[in-house]
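Asks: can you look at this prediction? I've put the sequence above it.
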Amino acid sequence: MNTDLGNYRKSYEKQELLEAFIGDNPMELFQKWFYEVDQNFDVEEANAMTVSTIGLDGFPKSRVVLLKKYTYEGFIFYTNYNSEKGKAIVANPNVCISFFWPSAERQIIIKGKAEKISENLSDGYFESRPRGSQLGALVSHQSEVVKDRSELENQLKALEKAYEGKTIERPKHWGGFIVKPVEMEFWQGRPNRLHDRIRFQLQEDYNWKIDRLAP
């Protein structure tokens, strides 16, 4: 197989990212960008983000998850703590998350440290989930090998019967992580590949150092 993609090209011309308009806190710029993308561009899931971890086997691995909350402190998503990503984060909390919104010609790359959120916050989110998603969290031993699809579906049917009319409590192996950023880079596509790249780096005094990077 020899497939040449050298002619795949696009000119980025929609917007610009200038220092005069970025402020001094990257979370506020993130909020601005997220709102603009969610409201003004054709993005089905603006909260879809790539989470990259260093696995127990020493290899990096990336996968797409959904951002469920963000605050000045960081970015929260939920998963099975016993999953491959959950175990990787516990072993090495240094992670990278990224957002790519092609229709806005924007990307955000975030380096940070991940930690489990409090149990009551995980409880609150779990209670807000649809009942089917709650049962799914109980059924799936995430990242483990299963015989076939029917095995999962039969387990789900059994749980639906067992929990009929009952409250489903959050399993202890399922909950949230918060990624607290130490570096955030905002990328805006520009013509002639002279893209705008603005990097925020957290300093010891908790202020952010701001630099423009060459594209």
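Replies: Nice, thanks for sending it over.
Asks: pLDDT of the longest strand belonging to the chain, averaged?
Replies: For the chain, the strand that runs over the most residues, judged by DSSP state E, is strand 174-188. Across strand 174-188, the average pLDDT comes to 98.
Asks: tell me the helices in this protein, going along the chain?
Replies: 26-40, 84-91, 119-128, 131-139, 149-162 (DSSP state H).
Asks: contacting residues for the residue positioned nearest the centre of the chain?
Replies: Note on the chain: the residue nearest the mean C-alpha position is residue 49, at 3.6 Å, using C-alpha atoms, centre = their mean. Neighbouring residues of residue 49 by C-beta atoms under 8 Å, 6 or more residues apart in numbering: 64, 65, 66, 67, 75, 77, 97, 98, 99. Using the backbone N, CA and C atoms, a C-beta is placed for each residue, glycine as well.
Asks: so it bridges to which residues?
Replies: residue 65 (DSSP bridges).
Asks: mind giving me the PyMOL select for the contacts of residue 49, buried ones only?
Replies: Selecting only the buried entries of these in PyMOL, with 16 or more other C-beta atoms under 10 Å as the criterion:
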select buried, resi 65+67+75+77+97+98+99
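Asks: pLDDT and distance to residue 7 added to the contacts of residue 49, as JSON lines?
Replies: Output for the contacts of residue 49, formatted as JSON lines (pLDDT from 0 to 100; distance: C-beta to C-beta, whole Å):
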{"residue": "64", "pLDDT": "98", "distance to residue 7": "27"}
{"residue": "65", "pLDDT": "98", "distance to residue 7": "33"}
{"residue": "66", "pLDDT": "98", "distance to residue 7": "34"}
{"residue": "67", "pLDDT": "98", "distance to residue 7": "34"}
{"residue": "75", "pLDDT": "98", "distance to residue 7": "36"}
{"residue": "77", "pLDDT": "98", "distance to residue 7": "37"}
{"residue": "97", "pLDDT": "98", "distance to residue 7": "31"}
{"residue": "98", "pLDDT": "98", "distance to residue 7": "26"}
{"residue": "99", "pLDDT": "98", "distance to residue 7": "27"}
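Asks: hang on, isn't residue 208 packed against residue 202?
Replies: Yes - using C-beta atoms under 8 Å, residue 208 makes contact with residue 202 at a distance of 6.1 Å.
Asks: give me the number of residues near residue 115?
Replies: Using other C-beta atoms under 10 Å, residue 115 has 14 other residues around it.
Asks: which ones are touching it?
Replies: Residues near residue 115 by C-beta under 8 Å, 6+ apart: 93, 177, 178, 180.
Asks: for ChimeraX, write the select line for the buried members of the residues you listed.
Replies: Burial among the contacts of residue 115 is assessed by 16+ other C-beta under 10 Å; the matching ChimeraX selection reads:
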select :93,177,178
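Asks: please convert the contacts of residue 115 to TSV, extending it with distance to residue 54.
Replies: Output for the contacts of residue 115, formatted as TSV (distance: C-beta to C-beta, whole Å):
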residue	distance to residue 54
93	10
177	15
178	18
180	17
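Asks: and of the contacts of residue 115, the nearest to residue 144?
Replies: Lowest distance from residue 144 to these (C-beta to C-beta) belongs to residue 177, with 19.7 Å.
Asks: can you tell me the closest non-neighbouring residue to that closest one?
Replies: residue 114 (4.7 Å; C-beta to C-beta, 6 or more residues apart in numbering).
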